[in-house]
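Trainee: Give me coordinates for this.
(one chain, ligands or ions: 2)
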Amino acid sequence: MKFIFLGSGTAFTIGANNYHSNVLLINDDNKKLLIDCGSDARHALYELKLSYKDITDVYISHLHADHMGGLEWLGFNRKFDEQCDKPKLYIAESLIHDLWSKSLSGSMESLEGELCNLNTYFDPISIKENETFHWDGIEFRVVQTAHVMNGFTLAPCHGLFFKANKTQVYYTADTQFCPQLLMRFYNEADIIFHDCETATQQSGVHAHFNDLISLPDSIKNKMWLYHYNPGHLPDAKEHGFLGFVKKGQVFTF
Ligand SMILES: [Zn+2]
Ligand SMILES: [Zn+2]
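Mentor: Ligands and ions are numbered 1, 2, ... in the order given. Prediction:
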């Protein structure tokens with residue numbers, strides 16, 4: 001099973017040196033699950049000689065455009081290609097209404113002569129709180145993170161914890177630095193892919209490299225860093241991490 005980073009950058013990636021942090025999970029039968037579909041996805045897939053035709057299954061972690069801004073491209077292209085059927089859309093129940101009503105409906109609800117909804121383009125699979133979803137025999141636990149406070153409540157964002165062959169993988173999605181919440185998953189995982197901001201000015205909504213270095217060595221030495229800013233990167237290996245994930249980097253489990 002391959003875990004390919006289409007990109008490992010933030011929402012603020014510049015040019016084609018890196019793309020948004022979206023991942024393609026490819027099983028041994030070449031079946032694919034796209035983990036997040038940001039607005040860079042079409043370019044990133046094109047570099048791998050792939051297109052919307054290859055994306056039959058997609059998981060969305062949250063509603064920032066670097067994670068879901070490519071859904072319009074995916075939905076329209078597959079709808080108007082006779083050879084394609086609707087992609088399965090795995091998404092937390094707490095996100096599904098807003099995904100349509102606040103993000104996609106502005107352009108996608110109107111087709112000539114037809115009033116559309118999310119089901120026109122996708123086959124949504126809603127994941128309830130504290131439940132799992134299955135894809136190709138793999139059980140995915142959906143782990144909520146503290147990413148952005150929306151007034152008095154947390155805007156939903158969900159990473160993934162799953163077992164790929166014999167490897168327990170924890171993919172955080174976007175998250176603040178909150179080891180007290182996530183330590184259980186850090187401990188349980190064999191390999192961790194962690195959101196890591198590297199900007200000189202901290203946004204407050206992502207774990208920053210300067211925070212992550214305070215984690216125990218036993219955690220850092222199984223942790224890869226992604227979702228980093230353009231520009232200079234500190235030496236991750238020197239601080240005990242496995243490194244910064246590069247665009248196109250492939251992990252095999
Ligand atoms: Zn985000
Ligand atoms: Zn992001």
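Trainee: quick check, His97 in a strand?
Mentor: No: His97 is assigned helix when assessed by DSSP: H, G, I helix; E, B strand; the rest coil, not a strand.
Trainee: can you list the residues of this structure near ligand 1?
Mentor: 64, 174 (C-beta under 5 Å from the ion). (Each C-beta comes from the backbone N, C-alpha and C, glycine too.)
Trainee: near ligand 2, which residues of the chain?
Mentor: Proximity of the chain to ligand 2 (C-beta under 5 Å from the ion) is limited to residues 66, 174.
Trainee: Find the centremost residue of the chain, please.
Mentor: Asp36 (4.0 Å; C-alpha atoms, centre = their mean).
Trainee: The closest residue to Gly231 other than its chain neighbours: neighbouring residues, count only.
Mentor: Sequence neighbours aside, Thr198 is the residue nearest to Gly231 in space, at 7.4 Å (criterion: C-beta to C-beta, 6 or more residues apart in numbering). The tally of other residues near Thr198 (other C-beta atoms under 10 Å) stands at 21.
Trainee: surely Thr198 meets Tyr226?
Mentor: No: shown here, Thr198 and Tyr226 do not form a contact pair, counting by C-beta atoms under 8 Å, at 10.7 Å.
Trainee: Any figure for the gap between the residue in the stretch 151-253 of the chain positioned nearest to ligand 2 and Leu118?
Mentor: Closest to ligand 2 within the stretch 151-253 of the chain is Asp174: 4.5 Å, counting by C-beta to the ion. Distance of Asp174 to Leu118, given as C-beta to C-beta, to the nearest Å: 22 Å.
Trainee: ok, those two, which is more surrounded?
Mentor: Between Asp174 and Leu118, counted using other C-beta under 10 Å, the more crowded position is Asp174 (27 against 21).
Trainee: could you pull out the helices for the stretch 151-253 of the chain?
Mentor: For the stretch 151-253 of the chain, the helices defined by DSSP state H, counting those that start in this stretch occupy 179-188, 209-212, 217-220.
Trainee: Show me what the second one is packed up against.
Mentor: Under the contact criterion of 3 or more C-beta pairs under 8 Å, 6 or more residues apart in numbering; DSSP states H and E, helix 209-212 touches strand 223-226.
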